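# Turn this into a model:
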Amino acid sequence: MTGRAAVFLDRDGTIIEDGMYLRDPGDVRLLPGAAAALRALNEAGLPAVVVTNQSGIARGLLTEDDYVATAGRLDHLLEAEHARLDARYHCPHLPEVTGPCQCRKPGPALYERAARDLELDLGRSWWVGDRLRDLEPATRFRGRAALVLTGAGLLESRRPAARDWPAVPDVEAAVRMILGAAF
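Coordinates of the predicted model:
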């Protein structure tokens, strides 16, 4: 696939506090430095794309409308800081409830869709998240990734598979690393 590089970011625990099945827009809270990190990506011309698993929808703990409302709140908070997301994709499934799907991270479907929608080169792209499943697509697509130590990141960093990825304190540090890398 040809196109431009992008940065794929997890939402909960990476950009915002992990609210565990977040359904109330009033509970959306940016993590420190997240807006500045996204603004830096925006200024560098790198698309910032959120891909998030939202199994709370399949579990009946939130609705699609709840997800849309929290996504809108995130957009509003970022806009106030002169930052934006270029796209967002979510998987509402939970294999135990809805059966297997290809859109649940680390599955390829949402990344491939983003590549088509935004004309992205997945091999030149980065993945950033607080869980190893957020980073695994980088292996599939031959991209690069960074584990943030916010959210579940500190616990995930103790797993043997975490040695495959650089660990950074937060999304702002990840973006500094990305912008310092050659594309």
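
# Flag every buried residue along the worst-scoring helix or strand of the chain on mean pLDDT.
Least confident element among the helices and strands of the chain, by mean pLDDT, DSSP states H and E: helix 95-98 (a mean of 94). For helix 95-98, burial by neighbour count (16 or more other CB atoms under 10 Å) applies to no residue. All C-beta spots, glycine's among them, are computed from the backbone N, C-alpha and C.

# What is the distance between it and the centre of its chain?
Here helix 95-98 is found 22 Å from its chain centre; the criterion is CA atoms, centre = their mean, to the nearest Å.

# which secondary structure elements does the helix or strand just after it contact?
Downstream of helix 95-98, the next assigned helix or strand under DSSP states H and E is helix 109-118. The contact analysis (3 or more CB pairs under 8 Å, 6 or more residues apart in numbering; DSSP states H and E) places helix 109-118 against strand 48-53, strand 87-91.

# so where's this protein shaky on pLDDT?
Low-confidence segments of the chain (pLDDT under 70): 1-2, 182-183.

# In it, which helix is the longest?
helix 64-80 (DSSP state H).

# From the contact counts, what lies against that one?
Right, helix 64-80 is packed against helix 34-44 by 3+ CB pairs under 8 Å, 6+ apart.

# Quick check: buried residues in the helix it packs on?
34-35, 37-42.

# Show me which pair in those residues is furthest apart.
Farthest-apart pair in the buried residues of helix 34-44 is 34 and 42; separation 12.6 Å (CB to CB).

# just to revisit the earlier point, and the contacts of the least confident helix or strand of the chain?
55, 58-59, 92, 101, 104 (CB atoms under 8 Å, 6 or more residues apart in numbering).

# mind redoing it with 6 Å?
Under the contact criterion CB atoms under 6 Å, 6 or more residues apart in numbering, helix 95-98 has outside partners residue 58.
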